[in-house]
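Trainee: Give me coordinates for this.
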Amino acid sequence: MDDAQKTPAMSTAEHPVEWVHAESAGERRTSIVGNLVRGAMIGVVETVPGVSGGTVALVVGIYTRLIDSASHVVSAGRRAVTGPDRGASIATHLKQVDWKLVVPVLIGMALALFTAAGPVADLVETYPELTRAAFFGMVLASISIPLRMAGIAGIRWHHALAGIAAGALAFWLVSIPPTTLEPSPLVLIIAAAIAVSALLLPGLSGSFLLLTFGLYEPTLRAVDERDLAYLGVFALGLMVGVVSIVKGLEWLLHHRRRITLVVLTGVMVGAMRTLWPWQSESRELAAPAANWPLALALAVIGFAVVAILAVVDARLSRRQRLR
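Mentor: Coordinates of the predicted model:
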């Protein structure tokens, strides 16, 4: 049966349907404290080139709920501008937001970003090969998460073909040599709008995209030094990006869930090219260097950490579905 046949029809403009947050397919209810930690994890990895906050959201089992909640916020904002029945429509959509998830995650992300931006930037710059190795192992282990959510047994040849094509496209995109742009307001808005897609699309790294534009270090330094003018323009770009992409993602996840998750898996696999520890500044891949034993050890540790989290999450999700 196709994904669209398993999902209720989308709501009309006049009669919004109250979406039920996903507790199946690998997602489950979470505690407020746990969501603070999940938000902090997303915030930390968003400072690291090559690692996607969306990937972490998938790994910790909150991805679909975040997309649904973001979609309702966007819908509330749109109703505030266009109507009809502004008050009632806004209230209806805001009631559907999973605030017990969204607020702690946002707080955790903000705290982690402002705490970790400077140290993580220094760590990535000082030990680029070792940090890439650790995150290579983590992302490699996380590939199983969207596949489990998609239901491996239900994957068909056209799903697999779409995933392979997405992986090849991602591999090519992350092979593009970096460039440097002047951080003008217009450039910042466009770059931020593109980079926020990484928070919504597992496998794409916002920091990596900023690195490609030559805006990675200026942005992290702005966060570390509390440059409110820079951050204000950047935040505007983030909002533009969210409004542009979140509704489409919500529709895909509810109507074409399996193929969407397989495509996201392909993107994750292809984007792993950027995490190969040994590469030049122009992103040409190289053979392992003398420090390969330590890099391998860090990759194995990163893989083991995520694999253990994935197994625990799968067992907890299965136990909750049996209740």
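Trainee: rest of the way, CA atoms for contacts and neighbours
Mentor: Noted.
Trainee: any idea how far Leu130 is from Leu140?
Mentor: 15 Å (CA to CA, to the nearest Å).
Trainee: Quick one, grab the pLDDT at Ser144.
Mentor: Confidence at Ser144, expressed as pLDDT, is 77.
Trainee: Revised request: answer the last question for Leu236.
Mentor: Reported pLDDT for Leu236: 90.
Trainee: Arg283 reaches Pro177, doesn't it?
Mentor: Yes - using CA atoms under 8 Å, Arg283 makes contact with Pro177 at a distance of 6.0 Å.
Trainee: any residues in contact with both of the two?
Mentor: With CA atoms under 8 Å, 6 or more residues apart in numbering applied, the contact sets of Arg283 and Pro177 do not overlap.
Trainee: tell me the contacts of Leu94?
Mentor: Counting by CA under 8 Å, 6+ apart, Leu94 makes contact with His72, Val73, Ala76.
Trainee: Can you say which helix or strand has the last one in it?
Mentor: In this structure, Ala76 sits in helix 63-82 according to DSSP states H and E.
Trainee: still on that earlier bit, neighbour count: Leu130 and Leu140, which is higher?
Mentor: More neighbours surround Leu130 than the other of Leu130 and Leu140, with 23 against 18 (other CA atoms under 10 Å).
Trainee: Look up how far Glu250 lies from that one.
Mentor: 36 Å.
Trainee: picking that back up, give me the buried stretch members for the very next helix or strand once past the helix holding Ala76, please.
Mentor: Following helix 63-82 in sequence order, the next helix or strand is helix 86-95 (DSSP H and E). Residues Arg86, Ser89, Ile90, Thr92, His93, Leu94 are the ones in helix 86-95 that count as buried (16 or more other CA atoms under 10 Å).
Trainee: just those: which has the poorest pLDDT?
Mentor: Where pLDDT dips furthest among the buried residues of helix 86-95: Arg86, at 78.
Trainee: That residue contacts Ser75, correct?
Mentor: No - assessed by CA under 8 Å, Arg86 is found out of contact with Ser75, at 11.0 Å.
Trainee: before we move on, the earlier item: what's the angle from the helix holding Ala76 to helix 86-95?
Mentor: Orientation check (axes from the mean of the first three to the mean of the last three CA atoms, to 10 degrees): helix 63-82 against helix 86-95 gives 170 degrees.
Trainee: Counting neighbours, what do you get for the spatially closest residue to Ala150 that is not a sequence neighbour?
Mentor: Sequence neighbours aside, Arg258 is the residue nearest to Ala150 in space, at 4.6 Å (criterion: CA to CA, 6 or more residues apart in numbering). By other CA under 10 Å, 26 other residues sit near Arg258.
Trainee: No further questions, thank you.
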